[in-house]
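Enquirer: Show me the folded form of this:
(one chain, ligands or ions: 2)
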Amino acid sequence: MNESRPSQTPTVLSDYRPYPFLLHRTRLAFDLDPKATKIRAELEFERRDNGSLVLDIGQGVDLRSLSIDGAQPDASQWRREGETLTIDAPNGAFTLITECVIDPSANTACEGLYLSNGMFCTQCEAEGFRHITPYPDRPDVMAPFEVTIRSDLPVLLSNGNPVTQAEGHAVWNDPWPKPAYLFALVAGDLRAVSGDFTTQSGKQVDLNIWVRPGDEPRAGYALESLIRSMKWDEDVYGREYDLDVFNIVAVDDFNMGAMENKGLNIFNSKLVLASPETATDADYERIEGVIGHEYFHNWTGNRITCRDWFQLCLKEGLTVFRDQQFTSDMRSPAVKRIEDVLALRSRQFREDQGPLAHPVRPESYIEINNFYTATVYEKGAELIGMLKRLVGDDGYRKALNLYFDRHDGDAATIEDWLTVFEDATGRDLTQFKRWYTDAGTPVLTMQEDWDGTGRLTLRFSQQTPPTPGQTDKPPRVIPIAVGLISPNGDEVVPTTVLEMTAAEQEFTFDGLATRPVVSALRGFSAPVVLKRNLDASGRAFLLAHDTDSFARWEAGRQLARDTLVAMVAGAEPDREYLGAVGQLLADGAADPAFLALCLRLPPEEEIAVAIADADDIPDPDAIHAAREKLATQIATTHEDTLRAIYRENAVAGTYRPDAESAGKRSLRLAALDLLNRVDGGKAAQDLYRSADNMTERSAALSRLIAVGQADEALTSFYKDFKDVRLVVDKWFMLQLAFARPEDAVAVARDLAAHPDFDWKNPNRFRALIGGLTENHAGFHAADGSGYDFLAEWLLRMDSVNPQIAARMSSAFESWTRYDNLRQERAKAALDRILDAPDLSRNLSEMVTRLREAA
Ligand code: B3K
Ligand code: ZN
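Expert: Ligands and ions are numbered 1, 2, ... in the order given. Below is the predicted model of the structure:
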């Protein structure tokens with residue numbers, strides 16, 4: 001291990017202490033210059049406890065002057081050490097003024113104040129503000145901000161309401177006390193696509209989506225999504241917007257999706273810009289969802305923030321839950337639930353079952369940016385859904401109203417959140433809290449006992465496997481939604497929520513005329529793995545008859561997974577499964593988007609998980625071959641029906657991104673994916689030539705890549721879109737995600753040498769690296785070349801942008817699942833990273849945790 005690496009000392013939840021000073025007001029003045037931006041900060045403090053004034057300060061901040069109440073303290077009264085500035089502060093109230101200089105042009109980490117295409121922008125969550133100016137950079141120190149920006153650039157933005165907008169200078173005032181992580185500043189040559197919104201109390205809010213000149217025609221959907229979000233939060237949660245303006249800025253270099261800075265959201269341009277020619281249906285849906293997410297943070301995150309970063313799920317889990325509800329209301333609830341469960345299982349279950357597992361509320365971290373995870377976000381959202389299920393819709397509404405009333409203006413904790421539910425509903429949530437403190441995915445086993453005379457007993461047992469640092473897992477409360485269906489397909493017991501609180505527990509149903517089929521874990525009522533003995537015909541029955549669309553889809557998914565696992569072990573495609581697919585395709589009443597989800601085979605990674613779960617070693621190549629074979633078999637068995645579906649679901653007229661047309665396209669493209677195996681890419685070629693929208697065009701292109709016939713299409717695609725960055729990202733990504741596994745690493749090496757592989761741009765890097773790691777058999781190539789390639793690029797990226805490097809390293813999280821040879825190669829790649837000099841705190845924490853899996 002290298003001695004010069006940054007502090008590896010963990011921050012621990014139980015060490016939390018309130019800040020000994022109040023901060024009444026923050027005044028900032030920026031003189032923007034790409035290489036030497038000057039920042040003057042005037043902070044009005046008041047002592048409320050003993051101790052020195054400790055401020056956070058990043059390495060790159062050149063502190064030029066410091067004064068307290070106008071006087072410069074002498075050298076013995078302050079010191080700068082590592083990332084802190086410690087000052088002997090007086091009692092009572094005082095004003096600290098600092099002046100410093102930073103170099104935004106040298107900031108490639110996209111954290112703090114940086115430049116993206118000549119535009120100044122910021123990202124301060126979690127701890128970026130300290131790279132701008134010395135400050136108590138922690139979420140429980142909140143103050144109203146007044147910000148002056150001086151620059152020649154035409155558009156100068158910050159949080160809150162505009163006070164002065166003059167040439168060369170602007171002043172912004174944010175009256176709502178906020179922590180530093182919500183600060184934002186943007187300056188550049190930008191154009192606004194504008195609208196307005198009148199709130200429920202009649203206040204008019206000006207809305208602007210700021211983009212680079214020329215991008216205006218692609219910003220309309222973001223604006224419409226914002227208006228829908230504002231209306232929805234009033235209608236569903238009674239939450240009204242609280243400033244005169246709401247600005248969103250699209251930025252090309254951004255470490256994640258978007259950021260909820262008060263009144264000035266900053267977005268990755270990928271989540272703002274859309275036109276039918278450049279964005280897919282999935283992009284449109286995501287734009288709407290993320291615009292909603294960031295907007296909803298205005299209450300769940302900004303008005304009520306987190307006491308410390310351990311409480312991150314307080315704002316993220318809740319806001320994800322709210323954005324899921326929003327999308328569900330704007331589109332199809334059934335489809336949205338399945339999509340969310342798919343995402344949860346592929347990212348969060350994988351995390352929970354590997355070396356990076358951590359509780360929804362972690363208790364220690366080295367680098368907080370490594371904890372913006374699927375567990376905190378997506379599992380965090382599932383916990384809110386379970387709470388709602390346990391207390392009911394009415395209880396949930398009461399609890400949320402109490403939360404907003406009681407904690408508005410606070411930096412709150414999970415304890416505060418749970419107390420609100422207890423006070424509003426009278427329910428004891430002591431056991432529920434384990435969901436926040438204990439990591440791991442519970443495995444729920446269900447056994448059925450039919451007594452022959454009308455009584456059905458369901459016996460459940462729960463068990464949560466050990467996770468790093470946590471061995472004992474006491475039972476948790478698990479809401480299990482079940483329904484009973486009679487053999488003729490009638491629902492005899494509608495959805496009932498069973499509350500399991502013990503390690504083992506049984507529930508009985510009496511007075512049943514015949515033995516019913518149990519539809520269990522309806523709506524995915526808890527984030528658990530459900531194990532039950534149900535044969536293929538039982539699953540096929542549920543796929544045909546279940547009234548709960550999640551459970552119906554799940555039955556088909558299980559059937560497909562079981563078939564694939566058996567095929568990897570040498571079996572032929574299961575007739576029962578092929579028959580069930582035929583029945584499904586014949587269901588004229590089904591929603592096309594739902595059918596499309598049912599038709600999509602489980603991805604290779606999911607099959608690998610199922611094999612590992614049965615204590616076998618997954619072979620990525622055999623998995624790939626089995627999946628291809630099953631797809632081909634489905635296509636040959638149902639070719640005529642699939643052709644009819646393909647024809648009938650063509651959407652006529654001008655492209656529209658609404659859920660209904662998107663659903664038809666997704667069914668049509670799911671059919672194309674299968675037909676592609678029997679027509680050698682013919683339909684895909686035709687569609688590629690005739691498509692007038694990116695959804696169909698990119699799907700056709702990926703099908704051509706999969707059958708190795710994409711040379712021409714790839715050339716024309718590149719020619720058509722080489723000036724549209726976001727589409728070039730797709731061009732990189734698709735070539736890798738759909739490459740034949742044996743070609744994937746070679747393609748990745750070629751693409752990494754392409755002149756457009758501008759790897760310092762986070763989106764471009766993610767497109768290439770993420771495209772490869774998405775290709776399961778390609779990334780897990782037996783010779784370890786996928787691991788070597790990833791390690792090489794993580795090291796290169798780490799010195800430029802540690803957050804991106806650390807995030808992409810999670811592709812290694814399942815490395816111990818594979819055979820010895822692959823494990824040796826992955827281990828060697830991880831060790832190479834750990835041995836490198838000057839590793840960032842971000843990457844070193846990740847790789848150390850990954851390496852401990854051995
Ligand atoms: N709160 C931000 C995420 C910040 C990530 C910092 N590494 C976006 C969001 O969740 O809405
Ligand atoms: Zn968020």
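
Enquirer: now the longest helix seen in the chain, how far from the chain's geometric center?
Expert: Residue-count comparison of every helix in the chain, with assignments taken from DSSP state H, identifies helix 380-407 as the longest. When C-alpha coordinates are averaged (Cα atoms, centre = their mean, to the nearest Å), helix 380-407 and its chain have centres 22 Å apart.

Enquirer: and it, what does it pack onto?
Expert: Using 3 or more Cβ pairs under 8 Å, 6 or more residues apart in numbering; DSSP states H and E as the contact criterion, the elements in contact with helix 380-407 are helix 312-330, helix 414-425, helix 434-437, strand 478-485, strand 491-500. C-beta here means a position set from N, CA and C on the backbone, and glycine is covered the same way.

Enquirer: low-confidence ranges in this structure?
Expert: For the chain, residues meeting the criterion pLDDT under 70 lie at 1-6, 854.

Enquirer: Contact residues of it facing ligand 1?
Expert: Applying the criterion Cβ under 6 Å from any ligand atom, the portion of the chain that neighbours ligand 1 consists of 125-126, 256, 258-260, 293-294, 297, 316, 369, 372.

Enquirer: most packed of the helices and strands packed on helix 380-407?
Expert: helix 312-330 (a mean of 23; mean count of other Cβ atoms under 10 Å).

Enquirer: Okay, buried residues for whatever helix or strand comes next after that helix please.
Expert: Next in sequence after helix 312-330, counting helices and strands by DSSP states H and E, comes helix 333-343. If you call a residue buried by 16 or more other Cβ atoms under 10 Å, then helix 333-343 has these buried ones: 334-342.

Enquirer: now do stretch 227-236
Expert: By neighbour count, and taking 16+ other Cβ under 10 Å as the criterion, the buried residues in stretch 227-236 are 227-230, 232-234.

Enquirer: Looking at those residues, which is nearest residue 784?
Expert: residue 229 (45.7 Å; Cβ to Cβ).

Enquirer: Direction included, what does the next helix or strand after the longest helix of the chain pair up with?
Expert: Past helix 380-407, heading to the C-terminal end, the next element that is a helix or strand (DSSP H and E) is strand 411-412. Looking at strand 411-412 with DSSP bridges, its paired strands and their directions are strand 305-306 (parallel).

Enquirer: What is the neighbour count of the residue nearest to residue 103 when sequence neighbours are not counted?
Expert: Ranked by Cβ to Cβ, 6 or more residues apart in numbering and with sequence neighbours excluded, the top spatial neighbour of residue 103 is residue 35, at 5.4 Å. Using other Cβ atoms under 10 Å, residue 35 has 11 other residues around it.

Enquirer: do residue 533 as well
Expert: By other Cβ under 10 Å, neighbour count at residue 533 equals 9.

Enquirer: Is the residue lying closest to it once chain neighbours are set aside in a helix, a strand, or coil?
Expert: Closest residue to residue 533 apart from its sequence neighbours, by Cβ to Cβ, 6+ apart: residue 447 at 7.5 Å. Using DSSP: H, G, I helix; E, B strand; the rest coil, the secondary structure recorded for residue 447 is strand.

Enquirer: Is residue 447 in contact with residue 530, as I believe?
Expert: No: taking Cβ atoms under 8 Å as the definition, residue 447 is not a contact partner of residue 530, at 11.8 Å.

Enquirer: ok, the two, which is more surrounded?
Expert: Set side by side, residue 447 and residue 530 show unequal neighbour counts under other Cβ under 10 Å, the larger going to residue 530 at 17 against 13.

Enquirer: Report the secondary structure state of that one.
Expert: The three-state label given to residue 530 by three-state DSSP is strand.

Enquirer: Return the residues in contact with it.
Expert: Residue 530 makes contact with 444-446, 520-521, according to Cβ atoms under 8 Å, 6 or more residues apart in numbering.

Enquirer: swap in residue 11?
Expert: The contact partners of residue 11, taken as Cβ under 8 Å, 6+ apart, are 309, 364-366, 368.

Enquirer: mind listing which of the residues you listed are in strands?
Expert: Residues of those located in strands (DSSP state E): 364-365.

Enquirer: Columns distance to residue 537 on top of the buried residues of stretch 227-236, output as a markdown table?
Expert: Converted to a markdown table, the buried residues of stretch 227-236 look like this (distance: Cβ to Cβ, whole Å):
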| residue | distance to residue 537 |
| --- | --- |
| 227 | 49 |
| 228 | 44 |
| 229 | 45 |
| 230 | 50 |
| 232 | 43 |
| 233 | 46 |
| 234 | 49 |
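
Enquirer: mind putting those residues in TSV, secondary structure included?
Expert: Conversion of the buried residues of stretch 227-236 to TSV gives the following (three-state DSSP):
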residue	secondary structure
227	helix
228	helix
229	helix
230	helix
232	helix
233	helix
234	helix
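
Enquirer: now, which of those sits nearest ligand 2?
Expert: When these are compared for distance to ligand 2 (Cβ to the ion), residue 229 comes out closest, at 13.2 Å.

Enquirer: Does the closest one touch residue 326 like I think?
Expert: Yes: counting by Cβ under 8 Å, residue 326 is a contact partner of residue 229 at 6.6 Å.

Enquirer: between these two, what contacts are shared?
Expert: Contacts common to residue 229 and residue 326, judged by Cβ under 8 Å, 6+ apart, are 292, 296.

Enquirer: burial measure for the closest residue to residue 161 other than its chain neighbours, as a count.
Expert: The spatially closest residue to residue 161, leaving aside those adjacent along the chain, is residue 244, at 4.8 Å (Cβ to Cβ, 6+ apart). Using other Cβ under 10 Å as the criterion, residue 244 is surrounded by 13 other residues.

Enquirer: Residue 215 is in contact with residue 189, correct?
Expert: No: applying Cβ under 8 Å as the test, residue 189 and residue 215 come out as separate, 11.7 Å apart.

Enquirer: and the two? which has more neighbours close in?
Expert: Neighbours were tallied for residue 189 and for residue 215 using other Cβ under 10 Å; the higher tally belongs to residue 215 (20 against 12).

Enquirer: ok, that one to residue 184 distance?
Expert: Shown here: residue 215 relative to residue 184, a distance of 20 Å by Cβ to Cβ, to the nearest Å.

Enquirer: picking that back up, let me see the contact set for the residue nearest to residue 161.
Expert: Residue 244 is in contact with 161-162, 203-206, counting by Cβ under 8 Å, 6+ apart.

Enquirer: Backbone dihedrals for it, both of them.
Expert: Phi and psi for residue 244, reported as degrees, to the nearest 10, are phi -80, psi -20.

Enquirer: again with residue 657
Expert: Torsion angles at residue 657 (phi, psi; degrees, to the nearest 10) stand at phi -90, psi 10.

Enquirer: tell me the contacts of it?
Expert: Taking Cβ under 8 Å, 6+ apart as the definition of contact, the neighbours of residue 657 are 221, 274, 276, 279, 281, 284-285.
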